[in-house]
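**Q** how does the following fold in three dimensions:
(chains A and B)
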2 protein chains.
Amino acid sequence: MAGSRDPLVVFTPSGRRGRFPAGTLVLDAARSLGVDIDSVCGGRGICGRCQVEQSVGAFPKHGITSAAGHLSATGDLERAYAERRGLAAGRRLSCATAIAGDAVIDIPAASQVHRQVVRKELEVRPFDLDPVVRLHYVQVAPPDLASPASDHVRVLDALEREWGLAGLAVDLPVVRELQAALREGDGSVTVAVRDGSAVAAAWPGFRDRAFGVAVDVGSTTIAGHLASLLDGTVLASAGTMNPQIRFGEDLMSRVSYAMLHDDGAAEMTRAVRAALRSLIEELTTTAGVGTDEILEVVLVGNPVMHHLFLGLDPTPLGQAPFTLATERAVRTTAAALELDAHPGAEVYVLPCIAGHVGADTAGVILAEQPHRGDAVRLVVDVGTNAEIVLGNRHRLLAASSPTGPAFEGAQISAGQRAAPGAIERVRIDPTTLEPRFKVIGCGLWSDEPGFAEATREIGITGICGSGIVEVIAELFLAGVVTADGVVDGRMGERTPRVVPDGRTFAYVLSDGAPRILVTQADVRAIQLAKAALHAGARLLMDAYGVDAVDEIRLAGAFGSHIDVRHAMILGLVPDCDLERVGSAGNAAGAGALIALLSRAARAEIEAVVRDVVKIETAIEPRFQEHFVDALAIPHRTAAYPSLSRVVDLPARPVAGRAAPDDRSARRRRQPVAAREEER
Amino acid sequence: MAGSRDPLVVFTPSGRRGRFPAGTLVLDAARSLGVDIDSVCGGRGICGRCQVEQSVGAFPKHGITSAAGHLSATGDLERAYAERRGLAAGRRLSCATAIAGDAVIDIPAASQVHRQVVRKELEVRPFDLDPVVRLHYVQVAPPDLASPASDHVRVLDALEREWGLAGLAVDLPVVRELQAALREGDGSVTVAVRDGSAVAAAWPGFRDRAFGVAVDVGSTTIAGHLASLLDGTVLASAGTMNPQIRFGEDLMSRVSYAMLHDDGAAEMTRAVRAALRSLIEELTTTAGVGTDEILEVVLVGNPVMHHLFLGLDPTPLGQAPFTLATERAVRTTAAALELDAHPGAEVYVLPCIAGHVGADTAGVILAEQPHRGDAVRLVVDVGTNAEIVLGNRHRLLAASSPTGPAFEGAQISAGQRAAPGAIERVRIDPTTLEPRFKVIGCGLWSDEPGFAEATREIGITGICGSGIVEVIAELFLAGVVTADGVVDGRMGERTPRVVPDGRTFAYVLSDGAPRILVTQADVRAIQLAKAALHAGARLLMDAYGVDAVDEIRLAGAFGSHIDVRHAMILGLVPDCDLERVGSAGNAAGAGALIALLSRAARAEIEAVVRDVVKIETAIEPRFQEHFVDALAIPHRTAAYPSLSRVVDLPARPVAGRAAPDDRSARRRRQPVAAREEER
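**A** Numbering: from 1, shown residues only, chains lettered A, B, ... in the order given. As a prediction, this is how the structure comes out:
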């Protein structure tokens, strides 16, 4: 019992305080106050995770007036640890340091279980670690003939006695591990406890390594991070192509493959799982980690990818009403998905939102947090479909818009994936109408000295999604493309780059081999894609009851590479203060990483997703209206006040001339109409 | 709302009563009163499980004075059901019958969910069904584009709406099934719900079949029953040899095999699982059931069998302190044990009690219920070890005694397993000293006409456990074997059947080919085995604080075939009123069957096992004392008052002559002593 004359101890940064009899270990004092302090070895001076620092000086505001530090002198345990693993000046092991007088003791971030994780290079917002898996070292009583208890029960007893963990479940494979680990460790084992409720793994002796993998399974690319589950450090990141591409470039062709081939879905499931295995293999090799050290895998993906890697039938996602097998978060074993990992490893798959809005969007929400602020935020993840989320902490809406693959470079005459040789940036001189551009893999603009040599190897092979958006926006600003999206043949009088192309005109962006044109059809394809995207956003704004949004975040590969100014010039997204429009990187993958490292984040996204209002573009008549309205490129008098302030938009042509091949627009609108008819 | 003038309905046998407005369906009325009434189809007139019978007449004691029945007339739904599946006279479908006036309505046993299961032929005590898995037919709302919900969530909604089942878990493999079943059944599915907490399976449309298998994995034999999980009917029973026998006849030689061979334990695990698969295949084929209709498997076995089929290392069970990997009940998937069953099938393994007292003994307790009565009951399951349970509802003790395999016919000169040709019953004329006997496979005694012909085919090949016990007891009663266990050579003067055999004597039981002798060594082997068994029982009686037991139950193959009178003459068990000594059949297997069909039984055995006091014979000095005391065969003046009343036991010899080769007794005691030294 602590008395009123016992030393006063104040822990920072929490500010928790209490009086403790002299001789109380700092770790015990901290724990009794519920101070967030890490430990794996349970106070045996092995793990070094409970380091603290005494704040020296007087702290009148804490009621501590003596300037001298009042902790016990460094003892053998600390000296042994310092020799073995090193201990920075001023640092003490709280499990080996006793209270000797009043003291202010700081728990450095690295000693906190729920420390903040900051990973700028991954474009992940800072978040609090809330480990899904924690390690606990225990020394288990030897078996005793007089009162026999099994390995299982003796380990549970030790966990309850030393860590206060009661009623933990132990599945059969883990019983096997416990048995072997206890024998090999001669009674000393480290166990991994998942969610505070189940033993997930056991190793002989002391151990402080446990890892997880977060994976974004995209239609084209599968990208993953390997991170320490203990401190959130990302040790490796890698990507690989999704081998399902050989069954179909886009989602709907894969669904068709599944419909048309008996074993089609299973074939694609095997392919994506094999790719996941290779990716995990690559990540573990890079990080110097064994696959059997992977205890958690988090997956996100769009609904079709989600169904295919989980072995669910994707074909209902190919037609109205686009019914998911499940939208709930899925927990299963790594073994059930044929992934190589620890036998006790589990997989967590983020929840889906609707038939078109998948676990990847849940990841985007988790990373971008539109549900936390007051600002009405529009988050757009552009792929073959654009997933659109709108709202703030009061309400969140989500929809998917059928943009088609034009933003990914498909359906564009010179389109290609974002790979070396692809034009990704374009500027057009409004006077000379001459272009300059950059290609992926070369740091120089095309009008800079050395560009030709620098690109000799990689070539100038095509134009990627961000490039096509920029060139069309620049052509519009230069007057070559009208607000109605017509490549104006009359400009041929001013520049040889505007050339006839069948019954329409094209702009010669690069005259090399291959010759890279921006054709009338290219402009139409982008118009249709951006109109779908814009219409989806407008539909959500209608549903939310706002005319403008406060912030826009562009996620995904395209969203990260696009120049937000050009995106807005073309009208991909509604008007917004350009200062508040930003790219979000691979937000789906960032969300997966957050869910890997935080139990709280999992609970949060499951709750948020349950409350998201789903808007189905296919059955909303206003979507068609917005779509038609959004086909044109915004001009100076249009509803882009923020943009107009920073960009000199062309005025609306006096007589809006119909596009020469407007049929293509009508043709491309069919998928939307078809979906509606299927109701 | 029911008023005081609404019809009064009394349900029997529960006696629950209530007033309901005329027109209320009988099923709804019964449910609102919590009357135990079955239904799979949810009141759609499909399953026929909710049949009731109106008791006709006046029931003054129920307050029903009108003699006329007051139920609605038979309608279309009942007529359709009767045509399709038949409806006995007087039976009504409670889901299609409305209340029209006061009525007494009987719920026949077959319409009760928790009906009693009586299976005399299996030697299973009657017990109440408490289904682990129940089937529920639901019609699921079609998916809707406007408010999209997944298959998963729509099924859960229907289960909550129609059956009041909320918050059910659905594992990934079952999500797959739900998806396929909903599509194939066009929204109508039957789901299996396990433990009221998880969906275990789904099928398109209506279904009322679900099965389980209960298996006793013995060292020698694996025996199983296949039963309907819905009504407890046993559709098939079968046994097969445990193929592990090729790795060692008894448990310890299998443990040695695991110790001496790297892959030894895994090899035996594969072997026993393959045998389990074959057994399930045989059971399903016999019963006309698909393996994918098996939703539950319950296993019992001794600790070594338990560890080997679960893939746990059995080697710690081969030496003190005989530490189990786990003693808790194990729940895992059928797939994890490589059993062919429904993908959602689970395995329940009864808890173990101690390193020598396994899940088979838990099964014996569940079947024999020593923990329920006031009588102090001794339950003995004889195998290579004898598992002994003693107690009543106040306290239960358990121990294992190292009897060795003599009772199974091993270590006996002419010993063999209980198989055709084995002598199983013996009588010896105390005057002529001539034997008569019966062999397995032939209904005749050896002195009956036709015996020679009847056994020509099968032969007289040896003597099994029950036979050796009988012949030695009979030889003792006839004076050929003394109370000290010596084959008395002087008897050679009275009969040519007593012959010299090396330095000792033997009795010629059968003079054919092979010649079947009962040797001095055979008598010693049985003496040692029965002394171990008796000493174990005495040790428990000491611990319980009783000098006598009220009841004795002999379980297991040997215990079922043995003549309890002969067992007591030899002193296998302590004295007891012979009327209260009985054989329990395969009680371990019966316990497995009960656990297959009753959730309550699982909870019960887990609770009982937690409280069982484990007595370790190897560290109890009194075990050695009792063992030595029990080596002799009880004589007339010994502590067998009950037996002495019905059997004329020989008097104690005047001068107890030492057995000529007493060394063998000492030698055989070594395992017990060795176990003690290992502490």
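**Q** contact partners of stretch A:576-587?
**A** Contacts to stretch A:576-587, defined as C-beta atoms under 8 Å, 6 or more residues apart in numbering or on different chains, come from residues A:122-123, A:216, A:223, A:363-364, A:367-368, A:378-379, A:381, A:548-557, A:559-562, A:564-565, A:567-568, A:573, A:590, A:642-643, A:646. Heads up, the C-betas are built off the backbone N, CA and C, glycines and all.
**Q** for the stretch 151-300 of chain A, which residues are neighbours of chain B?
**A** Applying C-beta under 8 Å from any C-beta of the partner chain, one finds that the stretch 151-300 of chain A approaches chain B through A:151-153, A:170-173, A:175-176, A:178-180, A:183.
**Q** neighbour-wise, which of those residues leads?
**A** Within these, neighbour counts (other C-beta atoms under 10 Å in any protein chain shown) peak at A:Asp151, which reaches 30 neighbours.
**Q** hang on, A:Thr361 in a helix?
**A** Yes: A:Thr361 forms part of a helix when assessed by DSSP: H, G, I helix; E, B strand; the rest coil.
**Q** measure the nearest residue to A:Ile245 once chain neighbours are set aside to chain B for me?
**A** Of all residues not flanking A:Ile245 in the chain, A:Thr220 sits nearest, at 6.7 Å (C-beta to C-beta, 6 or more residues apart in numbering or on different chains). Taking C-beta to the nearest C-beta, to the nearest Å as the measure, A:Thr220 falls 25 Å from chain B.
**Q** what's the neighbour count on A:Thr220?
**A** 18.
**Q** and for A:Pro13?
**A** 12.
**Q** before we move on, the earlier item: now the two most distant members of the residues of the stretch 151-300 of chain A next to chain B.
**A** A:Asp171 and A:Arg183 (19.3 Å; C-beta to C-beta).
**Q** before we move on, the earlier item: pretty sure the residue nearest to A:Ile245 contacts A:Arg417?
**A** Yes: if you go by C-beta atoms under 8 Å, A:Thr220 and A:Arg417 touch, sitting 7.3 Å apart.
**Q** overlap in contacts of the two?
**A** Joint contacts of A:Thr220 and A:Arg417 (C-beta under 8 Å, 6+ apart) are A:Glu408.
**Q** next, the closest residue to chain B within the stretch 401-550 of chain A: phi, psi?
**A** Using C-beta to the nearest C-beta, the closest approach of the stretch 401-550 of chain A to chain B is made by A:Ala543 at 13.0 Å. Note on A:Ala543: backbone dihedrals following degrees, to the nearest 10 are phi -60, psi -30.
**Q** pretty sure it sits against A:Lys614.
**A** No: assessed by C-beta under 8 Å, A:Ala543 is found out of contact with A:Lys614, at 10.2 Å.
**Q** identify the contacts common to the two.
**A** Taking C-beta under 8 Å, 6+ apart as the contact rule, A:Ala543 and A:Lys614 both touch A:Leu397.
**Q** more neighbours, the two?
**A** Neighbour tally, A:Ala543 and A:Lys614, criterion other C-beta under 10 Å: the higher count belongs to A:Lys614, 20 against 17.
**Q** circling back to that earlier point, just the buried subset of the contacts of stretch A:576-587, please.
**A** For the contacts of stretch A:576-587, a burial check counting by 16 or more other C-beta atoms under 10 Å in any protein chain shown picks out A:122-123, A:216, A:223, A:363-364, A:367-368, A:378-379, A:381, A:549, A:551-557, A:559-562, A:564, A:567-568, A:573, A:590, A:642-643.
**Q** strands - which of the residues you listed land there?
**A** Among the buried ones among the contacts of stretch A:576-587, DSSP state E puts A:Asp216, A:Ala223, A:Leu378, A:Val379, A:Asp381, A:Glu551, A:Ile552, A:Arg553, A:Leu554, A:Ala555 in strands.
**Q** mind listing the residues bridging to the third one?
**A** The residues listed as beta-bridge partners of A:Leu378 by DSSP bridges are A:Leu390, A:Ile552.
**Q** find the closest residue to chain B in the stretch 351-500 of chain A.
**A** The minimum distance from the stretch 351-500 of chain A to chain B, using C-beta to the nearest C-beta, falls at A:Ala354 (5.0 Å).
**Q** what residues are up against the closest residue to that residue other than its chain neighbours?
**A** Closest residue to A:Ala354 apart from its sequence neighbours, by C-beta to C-beta, 6+ apart: A:Lys614 at 4.2 Å. With contact set as C-beta under 8 Å, 6+ apart, A:Lys614 has these partners: A:Ile353, A:Ala354, A:Val357, A:Leu397, A:Ala398, A:Ala399, B:Ser147, B:Pro148.
**Q** by pLDDT, give me the weakest of the residues you listed.
**A** Among those, B:Ser147 carries the weakest pLDDT, at 74.
**Q** ramachandran angles for that one?
**A** Per-residue torsions, B:Ser147: phi -130, psi 80 (degrees, to the nearest 10).
**Q** contact residues of the stretch 551-679 of chain A facing chain B?
**A** Residues of the stretch 551-679 of chain A lying near chain B (C-beta under 8 Å from any C-beta): A:Lys614, A:Glu616, A:Ala618, A:Ile619, A:Arg679.
**Q** reformat the residues you listed as TSV; add distance to A:Pro13 and secondary structure.
**A** Formatted as TSV, these follow (distance: C-beta to C-beta, whole Å; DSSP: H, G, I helix; E, B strand; the rest coil):
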residue	distance to A:Pro13	secondary structure
A:Lys614	41	strand
A:Glu616	47	coil
A:Ala618	51	helix
A:Ile619	52	helix
A:Arg679	56	coil
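**Q** any chance of these in TSV, with distance to A:Leu578 and pLDDT too?
**A** Listed next are those as TSV, based on distance: C-beta to C-beta, whole Å; pLDDT from 0 to 100:
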residue	distance to A:Leu578	pLDDT
A:Lys614	30	91
A:Glu616	31	87
A:Ala618	32	81
A:Ile619	34	83
A:Arg679	39	35
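**Q** among those residues, the buried ones, what's the ChimeraX command?
**A** Buried members of these, identified by 16+ other C-beta under 10 Å, are gathered into one ChimeraX selection as follows:
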select /A:614,616,618,619
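**Q** which one of the residues of the stretch 551-679 of chain A next to chain B sits closest to A:Leu310?
**A** Taking C-beta to C-beta as the measure, A:Leu310 sits nearest to A:Lys614 out of those, at 20.5 Å.
**Q** show me what the closest one is bridged to.
**A** Assigned bridge partners for A:Lys614, using DSSP bridges, are A:Ala398.
**Q** and stretch A:567-583, end to end?
**A** 11 Å (C-alpha to C-alpha, to the nearest Å).
**Q** buried sites along it?
**A** Applying 16+ other C-beta under 10 Å to stretch A:567-583 flags A:567-578, A:581-583 as buried.
**Q** stretch A:60-67 - what's its average pLDDT?
**A** 66.
**Q** OK, contacts around the spatially closest residue to A:Pro641 that is not a sequence neighbour?
**A** In space, and not counting its chain neighbours, A:Pro641 is closest to A:Asp575: 6.1 Å by C-beta to C-beta, 6+ apart. A:Asp575 makes contact with A:Ala548, A:Met568, A:Ala639, A:Tyr640, A:Pro641, A:Ser642, A:Leu643 under the criterion C-beta under 8 Å, 6+ apart.
**Q** so which of the residues you listed sits lowest on pLDDT?
**A** Lowest pLDDT of the contacts of A:Asp575: A:Ala639, 70.
**Q** so where's chain A uncertain?
**A** Applying pLDDT under 70 to chain A picks out residues A:1-3, A:57-58, A:62, A:65-69, A:120, A:636-638, A:652-679.
**Q** one more time with 80, if that's ok
**A** A:1-4, A:56-69, A:118-123, A:146-147, A:249, A:383-384, A:635-639, A:651-679 (pLDDT under 80).
**Q** quick check: residues of the stretch 351-500 of chain A near chain B?
**A** By C-beta under 8 Å from any C-beta, the residues of the stretch 351-500 of chain A that approach chain B are A:Cys352, A:Ala354, A:Gly355.
**Q** no further questions, thank you.
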